[in-house]
Every structure is written in C-alpha cells, then in structure tokens.
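Enquirer: Provided below are the primary sequence and the corresponding predicted coordinates.
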Amino acid sequence: MPLSITDITEIRCNMINITEFYNILNNNGIKFFTGVPDSYLNGFCNFLLNNCEERNVIAANEGNAVAIASGHYMATGEIPLVYMQNSGLGNAVNPLVSLADRLVYSIPMVLLIGWRGRPDSGDWAQHTRQGAITCPLLECMDIPYIILDKETDHDSVLTDLIKKAGKERRTVAIVSPKGVLDGDKGNNIDSDHPLSRGEAIETVLNNMPKDTVFLATTGRATRELFYLRKKRNEDTDHDFLNVGSMGHVSSVALGMALAKPDRKFVVFDGDAAAIMHLGAMTMVSKIHVPNLIHIVLNNGAHESVGGQPSAGNKIDFIKIAEACGYKTIGRPVSTEEELSEACRTIRNCEQAGFIEVRIHKGLSAKLPPLELSHLDAVNGLMAELRK
C-alpha cells in the first residue's frame with residue numbers, strides 16, 4: 001500500500017552537525033546503534049566509533065544488523081538505529097519484512113541509509129539501479145521515510161519520525177544523500193604489516209600462471225587490480241572486477257571455476273567482504289574446485305568507506321578456511337617472500353586453496369578512478385573464457 005504524503009517528508013539541510021544530529025537521536029531515546037559503515041555516513045559512523053563504543057555494534061552484514069537491533073528492542077524496549085548504505089537494503093529485506101514487520105513481531109527501529117546513486121547524481125554504474133529503487137523499495141515494505149537534504153528544522157521532523165516509530169511499533173527510515181552526514185574519511189594508514197593492498201596483489205600476479213583469471217572484490221581491490229594491469233601494460237580480459245554485490249566475489253569465482261576446470265581462478269577478497277557472506281566459504285566442502293584460490297587481503301577494516309574496524313583481525317580465517325575444506329599453508333602471510341612462497345605452494349594443490357594476507361591500512365593517493373565500460377569488460381572476459 002503506497003505511503004501517504006505525511007509519511008514521506010524531505011528535510012532541507014546542508015551538512016548537518018554530527019553532534020547535533022546524534023543529540024536529537026539521543027534525546028528521543030535512541031541510544032543503541034548497529035550497522036555496516038558507509039562512506040555517505042562516514043562522519044556519523046566515526047562519531048559513534050569515538051563516542052559510543054559499547055553501544056555501537058559494527059555488524060557482519062545489514063540483515064545481521066536488523067536482527068541485532070530487533071534483539072536489543074525485545075530485551076530493553078529501546079528503539080535502536082541501524083545504519084547502512086542503500087546497497088545493503090537487499091541484505092536487510094528479509095529480516096525487515098519477516099521479523100521486524102508490523103504483521104510479524106512489530107519491532108520499531110530507525111534505519112539510517114546512505115543514498116548512493118540518487119537519480120541525476122552522476123554516481124557509478126553499480127549504484128544507479130539501487131539509487132533509483134531505494135525510496136520505492138522502502139515504500140513497498142511500508143516503511144515511512146524522510147530525506148535529509150538542504151535546510152529546514154530537522155530537529156522537529158526527526159523527532160516526529162522517531163515518535164511515529166515508537167507509537168506505531170514500526171520501522172522508519174532516514175535517507176541521507178551525499179554531503180549530509182559524510183565527514184572526513186582520512187587516510188587511516190598504519191604500519192602494522194609491510195605490504196600494501198596493491199603490493200600484495202602485484203605479488204600474486206607475479207606468482208600465478210599467465211592465463212590465470214583474477215577476480216577482485218568491491219572497493220579498492222578492484223581499482224588496485226585495474227590500475228596494476230594498466231601500469232604493467234597487461235590485458236584486462238583475464239579479470240573480473242566485482243564493483244558491487246559486496247561479499248559475493250568468491251561465489252562468482254566458484255561458478256567460473258566449476259564451468260572451466262582447465263583454468264586457474266584467483267579471488268582477491270577483503271576481510272569485511274568475506275565476513276559479510278562467510279557461509280559462501282563452505283561451498284568448497286561439497287564441490288571439488290582445485291582450480292580456485294581464495295585470497296583474503298586482511299587489514300581489519302572497512303577501509304573503502306572510512307576505515308572503521310571489521311572483525312578481520314579478531315577471527316582466525318585460516319582455521320575457518322580449513323574447516324570449510326580449503327587447503328592452506330597453516331598461517332597468515334605478511335611479506336612479499338611469504339606470499340610468493342604461499343602462492344607457489346597453493347597453486348598446485350589438488351583442492352581449493354586459501355591464503356590470508358595481512359596488509360596494512362592506507363589508501364593510495366595515486367589510485368585513479370575506475371573508469372571503464374562494465375559491459376565491455378565482462379564481454380571481453382566471456383570471450384576469453386570461451387576460447
């Protein structure tokens with residue numbers, strides 16, 4: 001049922017003061033936060049990180065966050081807030097409509113959604129469709145929402161929205177376009193491990209057969225791989241750049257590896273991306289794909305969207321991978337020499353291989369934007385795989 005005009009309000013404000021925004025939430029009883037960091041919400045996410053450590057849970061994925069928020073409400077009666085990029089709405093739909101919905105357990109919460117791909121904003125291709133359907137999707141789920149944009153009295157509108165959530169025991173949403181709650185991402189560099197993401201990727205390129213197909217996860221890994229190919233004057237038809245669908249690149253690679261057992265497929269995954277859909281790793285326990293190598297580049301951070309911590313440095317990827325059926329070398333690697341040796345060992349094993357590479361945080365200032373035709377890129381890869 002379409003929402004009435006009173007359910008859809010546009011807040012007109014320029015860059016909102018993050019402290020004031022938080023205080024409005026806090027004054028209306030919102031004191032617990034969970035979600036997946038987003039670049040359009042970076043200022044807010046960093047504020048929570050620095051000021052609400054014990055009441056801010058960075059979740060594995062957005063559906064996980066909705067479920068955590070639901071549990072918090074049932075235990076305390078407090079309305080929680082769930083933050084996410086609009087791309088994460090797909091992960092959240094199931095618990096929103098089959099757990100929190102008013103036709104099920106009627107659990108109130110506030111969604112704070114970074115609006116990538118807003119129509120006419122000129123965003124990247126992977127955000128275009130999601131941007132166009134963000135508000136219609138909320139309407140389809142019977143979720144009243146407001147849009148933070150330009151100047152007005154956002155205090156009263158936010159207060160009214162939160163009161164609506166509590167009074168009607170329903171989910172409501174705040175949709176935040178670019179420039180409203182962003183904040184400064186910074187570079188967030190550290191020196192905990194010698195290798196950068198780019199250096200780790202290049203080391204792998206140097207230690208795999210020439211006809212290897214490489215797949216890179218959402219975020220900086222795609223840009224690093226694309227840039228390295230250009231710098232090395234190499235063909236990009238051997239690559240798949242998974243610019244969207246965070247957490248799914250290893251599954252894409254599995255589909256390819258099954259269909260082309262005579263080719264080698266190497267996945268460059270991120271720690272936060274791998275964690276987002278960790279269950280995908282179990283597939284190699286029941287499907288024989290010795291031509292697949294899964295490499296997790298682990299810096300313990302959601303780096304592309306602001307550097308907030310993931311669980312990457314708190315869990316044992318190696319034991320998880322081994323339990324799922326991967327061949328490993330038994331430990332993470334962190335230097336060029338260790339990574340080279342791991343590649344030589346794993347590339348010839350008779351089962352799916354897994355390598356965890358500990359890399360340092362930091363974004364390359366020299367990295368250019370990823371400007372390519374996605375359709376041309378995938379058509380080139382398909383032609384290469386059908387030779």
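Expert: Structure's in. What do you need?

Enquirer: for the spatially most central residue of the chain, helix, strand, or coil?
Expert: In the chain, the centroid-proximal residue (Cα atoms, centre = their mean) is Met246; its distance is 4.9 Å. Reduced to three states with DSSP: H, G, I helix; E, B strand; the rest coil, the structure at Met246 is coil.

Enquirer: Make sure it is actually in contact with Asp271.
Expert: No: using Cβ atoms under 8 Å as the test, Met246 is too far from Asp271 to be in contact (11.9 Å). For glycine as for every other residue, the C-beta is placed from the backbone atoms N, C-alpha and C.

Enquirer: So what's the residue count around the residue nearest to the residue nearest to the centre of the chain when sequence neighbours are not counted?
Expert: If the residues on either side of it in the chain are set aside, Met246 comes closest to Thr218, at 4.3 Å by Cβ to Cβ, 6 or more residues apart in numbering. The burial metric for Thr218, expressed as a neighbour count using other Cβ atoms under 10 Å, is 23.

Enquirer: Correct me if wrong, but Thr218 is in a helix.
Expert: No: assessed with three-state DSSP, Thr218 is coil; it does not lie in a helix.

Enquirer: now it: how far from Ser245?
Expert: Taking Cβ to Cβ, to the nearest Å as the measure, Thr218 falls 7 Å from Ser245.

Enquirer: do the same with Val93
Expert: The spacing between Val93 and Ser245, counted by Cβ to Cβ, is 15 Å.

Enquirer: Check which element follows the lowest-mean-pLDDT helix or strand in the chain along the chain.
Expert: Ranked by mean pLDDT, DSSP states H and E, the helix or strand of the chain with the weakest confidence is strand 8-11, at a mean of 41. Next in sequence after strand 8-11, counting helices and strands by DSSP states H and E, comes helix 18-27.

Enquirer: Identify all contacting residues around that following helix.
Expert: 43-44, 47-48, 51, 81, 110, 154-155, 158-159, 162, 181, 183 (Cβ atoms under 8 Å, 6 or more residues apart in numbering).

Enquirer: among those residues, which ones are buried?
Expert: Judged by neighbour count, with 16 or more other Cβ atoms under 10 Å as the criterion, the buried members of the contacts of helix 18-27 are 43-44, 47-48, 81, 110, 154, 158, 162, 181, 183.

Enquirer: Would you report which members of those are assigned to helices?
Expert: Among the buried ones among the contacts of helix 18-27, DSSP state H puts 43-44, 47-48, 154, 158, 162 in helices.
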